[in-house]
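Participant: next come a sequence and a model predicted from it.
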There are 2 protein chains.
Amino acid sequence: MRWTELDREACSVARTVSVIGDRWTLLILRDCFLRVRRFEEFEQRLGITRHILADRLRKLVAAGVLARVAYQERPRRYEYRLTETGLDLHPVLLALVGWGDAHKAGESGRPKLYQHRECGHLFDPVMTCSACGGAVTARNVRVLDGPGAAAANDA
Amino acid sequence: MRWTELDREACSVARTVSVIGDRWTLLILRDCFLRVRRFEEFEQRLGITRHILADRLRKLVAAGVLARVAYQERPRRYEYRLTETGLDLHPVLLALVGWGDAHKAGESGRPKLYQHRECGHLFDPVMTCSACGGAVTARNVRVLDGPGAAAANDA
DNA sequence: ATAGCAAAGTTCCTTTTCGGAACTCAAGCG
DNA sequence: CGCTTGAGTTCCGAAAAGGAACTTTGCTAT
């Protein structure tokens, strides 16, 4: 299977991975959530080559995750901002943070702390059920076929 | 920055990405959560080359995400199972599913449905705050430096 | 015994992608 | 003018991925 075929799989993980399943893309998104917006700033913070950065930004714009908007005219300069679709990726990043904090925080502790503005507390991200609000874990979820299960080729 | 330097960053996203930030690795993990365990089964379901599959499985075992356990002697054959550390990646996969379901489900609907065993309902994954239980979104989280912020080189 | 089969890899070779550095372009600045 | 800034693009050698065949260990049927 090639990159290009991935988004035609009848699997939401595969479709999401076809958009963001690349190390640079994930790190770019991390920086987006930290309010980084400009080409050079991404380049310097990430140590990515300009060439690959341009490619990934183009793909994220094409996927509707980022929007390329001019922040000045003459000379025309663009920056990259998360769209609503892009903001919806927040749980993905938070889940990555959660695992890293739990399993990869060295002796000196967590690199970052997260504060929930609504309650004011530092927190860990917890994945919960939209129906009952209870925690969801690998062991208490059952996977069933949905209506789009058979169609390997829908949009 | 190279792959190998990623896990030394003072960032839990980067550290997690250094382990699972690869399209094949993410798809292998998806299948692990669907109870796929054997080399040939991964190969057939994913359409990955044996060579890359062997490499990714080796890395996941080295990272403590999967365990390689013999399921028979003579001839000795191994299978790959999620460890507790691996099971902790469940929220990551669920977050990917959540975004794919919301933004990439075609006209025929979602490929899979998820049922919470505890309440019996089909659900969407919701990222919540461990302190108050409320939903966490991109707009209501504040990021602060933690104790491990400065140390770029701790374990 | 031996030919065939199965599972889990490994090896080899070609194609694609990536890393690194230099170059381009448009406009403002001194 | 020539320099600087920001956002790219181009070019080349290095690294990784795709594809297919080969290896190993032991079982099974002839």
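Facilitator: The structure has been received and is ready for your questions. Residues are numbered from 1 along each chain as shown, chains lettered A, B, ... in the order given.
Participant: got the buried residues for stretch A:50-64?
Facilitator: By 16 or more other Cβ atoms under 10 Å in any protein chain shown, the buried positions in stretch A:50-64 come out as A:Leu53, A:Arg56, A:Leu57, A:Lys59, A:Leu60, A:Val61, A:Ala63. Every C-beta, even on glycine, is put in place using the N, C-alpha and C of the backbone.
Participant: show me which residues of chain A sit near DNA strand D.
Facilitator: A:1-3, A:38-41, A:49-51, A:54, A:57, A:68, A:71, A:75, A:77-79 (Cβ under 7 Å from any atom of the strand).
Participant: what does stretch A:135-149 contact?
Facilitator: Residues outside stretch A:135-149 that contact it (Cβ atoms under 8 Å, 6 or more residues apart in numbering or on different chains) are A:10, A:126-129, A:154, B:33-34, B:82, B:87, B:90-91, B:94, B:105-106, B:108-118, B:122-123, B:125.
Participant: A:Lys59 looks like it's in a strand, true?
Facilitator: No. Per DSSP: H, G, I helix; E, B strand; the rest coil, A:Lys59 lies outside any strand segment and is helix.
Participant: distance check, it against A:Trp24.
Facilitator: For A:Lys59, the distance to A:Trp24 equals 10 Å [Cβ to Cβ, to the nearest Å].
Participant: ditto for A:Trp99
Facilitator: Distance from A:Trp99 to A:Trp24, counting by Cβ to Cβ: 19 Å.
Participant: coming back round to it: ok, and which of the residues of chain A next to DNA strand D reach DNA strand C?
Facilitator: Answer for those near DNA strand C (Cβ under 7 Å from any atom of the strand): A:Trp3, A:Thr49, A:Arg50, A:His51, A:Pro75.
Participant: tell me the confidence at the last one?
Facilitator: A:Pro75 is assigned 89 on the pLDDT scale.
Participant: got it, and the fourth one?
Facilitator: Listed pLDDT for A:His51 reads 97.
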